[in-house]
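Engineer: For reference, the sequence and a predicted model appear below.
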Amino acid sequence: MEPPVTQYAKSGDILVAYQELGEGDVDLVYCAEFWHSIEAQWLEPRFEAFLRRLASFSRLISFDQRGTGLSDPVPVSELPTLEQWMDDVRAVMDAADSERAALLGSGGGGLMTMLFAATYPERTAALILLNSFARLTRTRDYPWGTSPDYEEEFVEKMRSGWGQGVFADVVAPSAANEPGFREWWARYERLGTRVGAIVPIRHVLQLVDVR
């Protein structure tokens with residue numbers, strides 16, 4: 001089966017790429033990480049199966065946040081705020097004629113969905129968080145976050161190996177060494193965001209706290 005057609009929503013001066021699939025009774029907006037590729041997501045069979053399963057009972061709406069994937073790029077010196085990334089959700093829902101939707105936030109994308117649900121409760125039917133968090137890094141009153149040493153190591157790995165599949169071992173250790181998976185993940189990284197932007201995006205993420 002062919003992937004759905006890519007469309008574009010206007011969010012301020014930015015065009016945000018999105019796709020729709022399925023005809024279920026509920027609209028389901030999938031908010032992936034702070035880097036994503038709606039093009040590459042269809043190239044891995046398990047990812048495709050995940051998306052098609054969601055679309056079997058909903059109208060699935062997925063998108064690339066501004067500055068990532070097929071959406072308009074933004075200067076590294078002017079990376080979006082969490083509020084701007086969240087507003088891309090609203091813009092995509094408006095373009096798709098979705099008045100109210102369930103939001104599925106994965107990883108860092110969960111921050112956008114939590115802020116959206118708090119800002120637009122009337123447009124939020126449900127909030128589902130997958131591997132997400134209220135903030136990324138550890139503080140005195142939030143001991144569950146990542147440590148400074150971890151972040152330093154993580155950022156260095158991003159800086160030196162982005163687009164080469166280096167994070168396949170982190171996100172999917174059971175599949176990382178399967179034939180073709182690491183190559184797909186490397187492509188997913190490259191199509192998700194350019195190497196010069198991923199470290200600044202991580203730095204933004206280190207400061208976000210939606211509590």
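Structural biologist: Right, received. Where do you want to start? Numbers count the residues shown, from 1 in each chain.

Engineer: partners of the residue nearest to L70 when sequence neighbours are not counted in the sheet?
Structural biologist: For L70, ignoring the flanking residues on the chain, the nearest one in space by Cβ to Cβ, 6 or more residues apart in numbering is A17 at 3.7 Å. For every residue, glycine as well, the C-beta is placed using N, CA and C. Counting by DSSP bridges, A17 forms beta bridges with Y8.

Engineer: any idea of the pLDDT on the residue lying farthest from the centre of the chain?
Structural biologist: With distances taken as Cα atoms, centre = their mean, the residue sitting farthest from the centre of the chain turns out to be R140, at 27.6 Å. pLDDT, R140: 94.

Engineer: can you pull the contacts of it?
Structural biologist: Taking Cβ atoms under 8 Å, 6 or more residues apart in numbering, we find R140 in contact with no residue.

Engineer: which secondary structure elements does the lowest-mean-pLDDT helix or strand in the chain contact?
Structural biologist: One helix or strand of the chain scores below all others by mean pLDDT, DSSP states H and E: helix 168-171, with a mean of 89. Here helix 168-171 touches helix 181-192, going by 3 or more Cβ pairs under 8 Å, 6 or more residues apart in numbering; DSSP states H and E.

Engineer: got the contact list for whichever helix or strand comes after the helix it packs on?
Structural biologist: As assigned by DSSP states H and E, the chain's next helix or strand after helix 181-192 is helix 195-207. Helix 195-207 is contacted from outside by 34-35, 67, 76, 79, 108, 111, 136-137, 151, 154-155, 158-159, 162-163, 189, 193, using Cβ under 8 Å, 6+ apart.

Engineer: where along this protein do the helices fall?
Structural biologist: 45-55, 82-95, 109-119, 148-161, 168-171, 181-192, 195-207 (DSSP state H).

Engineer: right, so of the ones you listed, which gets closest to G22?
Structural biologist: helix 45-55 (3.1 Å; Cβ to Cβ).

Engineer: Enumerate the positions of that closest one that are buried.
Structural biologist: L51, L54, A55 (16 or more other Cβ atoms under 10 Å).
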